[in-house]
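S.K.: Mind looking at a prediction? Sequence and model below.
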Amino acid sequence: MASLELIEVRKAYGAATVLDGVSLSMETREFLAFLGPSGSGKSTLLRVIAGLETADGGEVRLGGRRIDQLPPGDRGVAMVFQHYALYPHMSVRDNMAFGLRNAGVAKGEIGRRVLEAARVLEIEPELDRKPAQLSGGQRQRVAIGRAIVKQPQLFLLDEPLSNLDAALRMRTRVQLAELRNRVDAAFIMVTHDQAEAMTLADRVAVIHDRRIQQVGPPMEIYARPANVWVARFVGSPAMNVAPVELLDGESGRASVRLGDGSQVDTRVPRAGLAGAGPLQIGLRAESVRVTGAGAGTTDARVELVERLGDRTLVYARLSDGQALTGEDRGASRVQAGDIVGLHMEGAAAHLFAPDGSGRHPVESTA
Ligand SMILES: Nc1ncnc2c1ncn2[C@@H]1O[C@H](COP(=O)(O)OP(=O)(O)OP(=O)(O)O)[C@@H](O)[C@H]1O
Ligand SMILES: [Mg+2]
């Protein structure tokens, strides 16, 4: 059964349209991540679902019930805010119980739910402390606890880990994954952090330019980006994208030529590409291997080298000025100013049609 359903949701602030026809369907117990640049409308969409903002058009349904006309408290959703605030004068226990008391839930029931949530989040020993006596990670968990006690059908988490340092963030991420297994609800989490989205989410929705650009399992977004924008946004460093010319050929797979004359034989079906207009090739840095310059390679001048320990990123320029980022092994000796060879792995290349839509290699039958 579908849990959340968004149908053509629209939201504008004055003349500025922030969300334009956003549609989405989630399964019960699914974990979805919203990934997108700052200002793309991620928080706005969560607030529309939670009822803190009113949509200008479209429908929001949860568990088959239309909820966009209901007050926030009646929707069956609980939100953890980007900038959550705990009541400083209240204990952890009271912070978590507060919303339930207001909703008139029986005292014994409140006590049970608070204790259960504290157990799941491992903050039981902290229940009688004040927020000021907690670490950042513990406070964050109290904020999540306040949502858990409401027993929502859907959790909305707006960058719940963004205030934490890297190590704590990693630990809380694991806790969130465990929480997800123990709680019978669906989750939407907004994040800037691709690793977080990739590791926690069943599916990722990439939001940009007022719309969901693509929604799918993390590896599908990475391997089969719907368009150039998604291709360059997901993955680090950004995918190389360069204009190419389609070569004549009998083969069902497209062969293309870059501006410097080097040829790449892709595994992308040729059908529908000939005569369509200007094409672009997409190659991740891991598919552009740095080799010695010489016969059979594409020569490039190195502009910048980033040594990451296990691998080395090499920012280079082809003879026609096209920038390409390639990868070399960790112990690479390449230096800025060097002329190197680049081996472009055609089997891994993507092509982008004139409208920007992604065309991907056919699965290898091997
Ligand atoms: N109350 C408001 N009034 C007017 N404009 C707003 C309001 N809230 C948000 N906006 C605008 O709507 C757009 C989307 O904002 P939103 O907060 O949803 O972005 P976001 O994707 O959550 O960004 P971030 O990653 O920085 O949190 C932004 O351009 C923002 O300036
Ligand atoms: Mg936001």
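M.R.: Thanks, I have the structure now. Ligands and ions are numbered 1, 2, ... in the order given.

S.K.: counting contacts, what elements does the helix or strand of the chain with the lowest mean pLDDT pack onto?
M.R.: Every helix and strand of the chain was ranked by mean pLDDT, DSSP states H and E. The lowest is helix 166-182, at a mean of 82. Under the contact criterion of 3 or more CB pairs under 8 Å, 6 or more residues apart in numbering; DSSP states H and E, helix 166-182 touches helix 107-121, helix 136-148, helix 194-200. All C-beta atoms are positioned from the backbone trio N, CA, C, and that covers glycine.

S.K.: what angle do that helix and helix 107-121 make?
M.R.: 130 degrees (axes from the mean of the first three to the mean of the last three CA atoms, to 10 degrees).

S.K.: next structured bit after helix 166-182?
M.R.: As assigned by DSSP states H and E, the chain's next helix or strand after helix 166-182 is strand 186-191.

S.K.: Could you list the residues of the protein in contact with ligand 1?
M.R.: 13, 18, 36, 38-44, 82 (CB under 6 Å from any ligand atom).

S.K.: Name the nearest of those relative to residue 294.
M.R.: residue 36 (43.1 Å; CB to CB).

S.K.: okay, now that closest one: neighbour count?
M.R.: Neighbour count for residue 36, taken as other CB atoms under 10 Å: 21.

S.K.: contacting residues around it?
M.R.: Contacts for residue 36 (CB atoms under 8 Å, 6 or more residues apart in numbering) come out as 42, 206-208, 233.

S.K.: Of these, which belong to strands?
M.R.: Using DSSP state E, 206-208 are the members of the contacts of residue 36 that sit in strands.

S.K.: Buried members of those residues into PyMOL, please.
M.R.: The buried subset of the ones in strands among the contacts of residue 36, as determined by 16 or more other CB atoms under 10 Å, is captured in PyMOL by this line:
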select buried, resi 206+207+208
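
S.K.: Tell me how far stretch 102-110 lies from the chain's centre.
M.R.: From the chain centre to the centre of stretch 102-110 is a distance of 37 Å (CA atoms, centre = their mean, to the nearest Å).

S.K.: And the contacts of it?
M.R.: Against stretch 102-110 from outside (CB under 8 Å, 6+ apart): 73, 97, 100-101, 113, 149.

S.K.: And these, which of them are buried?
M.R.: Applying 16+ other CB under 10 Å to these flags 97, 100, 113, 149 as buried.

S.K.: ok, and for the helix or strand that contains the first one, which residues are buried?
M.R.: In this case it means residue 97. Taking DSSP H and E as the criterion, residue 97 maps to helix 92-102. Residues 92-100 are the ones in helix 92-102 that count as buried (16+ other CB under 10 Å).

S.K.: what's the first-to-last distance across stretch 58-67?
M.R.: With CA to CA, to the nearest Å as the measure, stretch 58-67 spans 11 Å from end to end.

S.K.: before we move on, what about stretch 312-326?
M.R.: Its first and final residues considered, stretch 312-326 spans 8 Å by CA to CA.

S.K.: Looking at the stretch 251-366 of the chain, which residue is nearest ligand 1?
M.R.: Residue nearest to ligand 1 within the stretch 251-366 of the chain (CB to the nearest ligand atom): residue 356, separated by 21.5 Å.

S.K.: do the same with the stretch 201-350 of the chain
M.R.: For the stretch 201-350 of the chain and ligand 1, the shortest gap (CB to the nearest ligand atom) falls at residue 207, measuring 6.9 Å.

S.K.: pretty sure residue 77 contacts residue 151?
M.R.: No: taking contacts as CB atoms under 8 Å, residue 77 lies outside contact range of residue 151: 11.0 Å.

S.K.: Which one of the two is surrounded by more residues?
M.R.: Per other CB under 10 Å, whichever of residue 77 and residue 151 has more neighbours is residue 77, with 26 against 16.

S.K.: Who are the contact partners of residue 327?
M.R.: When contacts are counted by CB under 8 Å, 6+ apart, residue 327 touches 285-286, 288-290, 311-314.

S.K.: on that earlier part again, highest average neighbour count across the helices and strands packed on helix 166-182?
M.R.: Mean neighbours per residue, mean count of other CB atoms under 10 Å, is largest over the helices and strands packed on helix 166-182 for helix 136-148, with a mean of 22.

S.K.: still on that earlier bit, so what pLDDT did the residue of the stretch 251-366 of the chain closest to ligand 1 get?
M.R.: You'll see residue 356 listed with a pLDDT of 95.

S.K.: residue contacts, it?
M.R.: Contacts of residue 356 by CB under 8 Å, 6+ apart are 227-229.

S.K.: Can you flag the buried ones in the residues of the chain next to ligand 1?
M.R.: Buried among those by 16+ other CB under 10 Å: 18, 36, 40-44.

S.K.: Domain boundaries for the chain, per the record?
M.R.: Using automatic domain parsing, the domain ranges for the chain come out as 2-226, 240-359.

S.K.: Next, report how far the longest one is displaced from the centre of its chain.
M.R.: On the basis of CA atoms, centre = their mean, the separation between the geometric centre of domain 2-226 and that of its chain is 15 Å.
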